[in-house]
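K.L.:
for reference, the sequence and a predicted model appear below.
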Amino acid sequence: MPRKAQTESIADADAAPGGAAAVDRAISLLGAFQPGDKALSLAMLADRTRLYKSTVLRLLASLEHGQLIQKLEDGRYGLGAEVARLHGIYAASFSLEHVVLPVLQTLVGDTGESAAYHVPQGNARLCLYRVDSPQPIRDHIRAGDLLPAGRGSGGRVLAAFSGAAETDADERVLNERIRAQGYYAASGDRLPGVAGISAPVFRASGALAGAVTLTMPASRYTDAHIPAVLHAAQQLAGRVG
């Protein structure tokens, strides 16, 4: 009988309910490839998935047959051509709008205020998507508008998580606070009488993608909206680029 593994594999620790163990383990092998990896050895694949090498070899045989994995001349393994084909289909059918807008619409429904998704754009920030508050008194930023990069809650968040050099001591202290709390809320930072709450959105790689921003008249500002903004940003994490 095969000896019992001392350490639970990645796939077994996070198995799909009602799924097939072999499929979970094969998926964990594909997931072992990280940004910057061109090829991985058998030992590295076994180490990253916590699977026995004998198990890895059997799974690799199936993945090679499906062209999801290819064996290189030096004996290491890389992703196969089928991965590129599937990515092409995914990229052609995927629309960022279909991911971001539903999250913003839910945020507006939960708070009654206006929600937007901002991305860095050179020395400014671009309002890529916007859903207006149903209330008659609101700010009137539109999708496609360029806004200051370092002002307003969205601008402050993008600046804090951008990794850019911080030469000003006050800016450095503020950015450290924003990074520590994971959001920024302010009133009158960009326009008098307008308040905002923003949280960063990250790509699957961990790099900054953009920011979710909730704006409202300063008279309607409440800290109670902060969890909703953070939740919206978490919903988009890893799904945007």
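P.N.:
Received it, and whenever you're ready, just let me know what you need. Bear in mind the structure is a predicted one, so any value in this text is a computation, not a measurement. Residues are numbered from 1 along each chain as shown.
K.L.:
can you list the low-confidence ranges for this structure?
P.N.:
1-6, 88-94, 241 (pLDDT under 70).
K.L.:
okay, buried residues for the longest helix along the chain please.
P.N.:
The residue-count maximum for a helix in the chain (DSSP state H) belongs to helix 96-111. In terms of neighbour count (16 or more other C-beta atoms under 10 Å), helix 96-111 has its buried residues at 96, 100-101, 103-104, 106-108, 110-111. C-betas here are computed from N, CA, C, even on glycine.
K.L.:
using CSV, write out every CA atom in that helix.
P.N.:
Presented in CSV, the C-alpha positions along helix 96-111 are these (Å, rounded to 0.1, in the frame of the first residue of the first chain):
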residue,chain,number,x,y,z
LEU,A,96,-13.9,44.3,-18.0
GLU,A,97,-17.3,46.1,-18.1
HIS,A,98,-19.1,42.9,-17.3
VAL,A,99,-17.0,42.5,-14.2
VAL,A,100,-16.7,46.0,-12.8
LEU,A,101,-20.2,47.4,-13.5
PRO,A,102,-22.2,44.8,-11.5
VAL,A,103,-19.9,45.4,-8.5
LEU,A,104,-20.4,49.2,-8.7
GLN,A,105,-24.2,48.8,-9.2
THR,A,106,-24.3,46.7,-6.0
LEU,A,107,-22.3,49.3,-4.1
VAL,A,108,-24.6,52.1,-5.2
GLY,A,109,-27.6,49.9,-4.2
ASP,A,110,-26.2,49.2,-0.8
THR,A,111,-25.2,52.8,0.0
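K.L.:
could you point out the helix or strand that follows it?
P.N.:
strand 114-121 (DSSP states H and E).
K.L.:
ok, residues contacting that next one?
P.N.:
With contact meaning C-beta atoms under 8 Å, 6 or more residues apart in numbering, strand 114-121 is reached by 100, 104-105, 107-108, 125-133, 138-139, 141, 143, 146-147, 149, 154-155, 158, 162, 198, 201, 208-216, 232, 236.
K.L.:
follow-up on the earlier one: nearest to residue 77 among the buried residues of helix 96-111?
P.N.:
Residue 77 has its nearest neighbour among these in residue 96, at 32.0 Å by C-beta to C-beta.
K.L.:
for residue 172, which non-adjacent residue is closest in space?
P.N.:
residue 166 (4.2 Å; C-beta to C-beta, 6 or more residues apart in numbering).
K.L.:
look up how far residue 176 lies from that neighbour.
P.N.:
Distance of residue 166 to residue 176, given as C-beta to C-beta, to the nearest Å: 9 Å.
K.L.:
who's more crowded, the two?
P.N.:
More crowded of residue 166 and residue 176, by other C-beta atoms under 10 Å: residue 166, with 16 against 12.
K.L.:
that one against residue 173, yeah?
P.N.:
No. If you go by C-beta atoms under 8 Å, residue 166 and residue 173 don't touch, sitting 9.3 Å apart.
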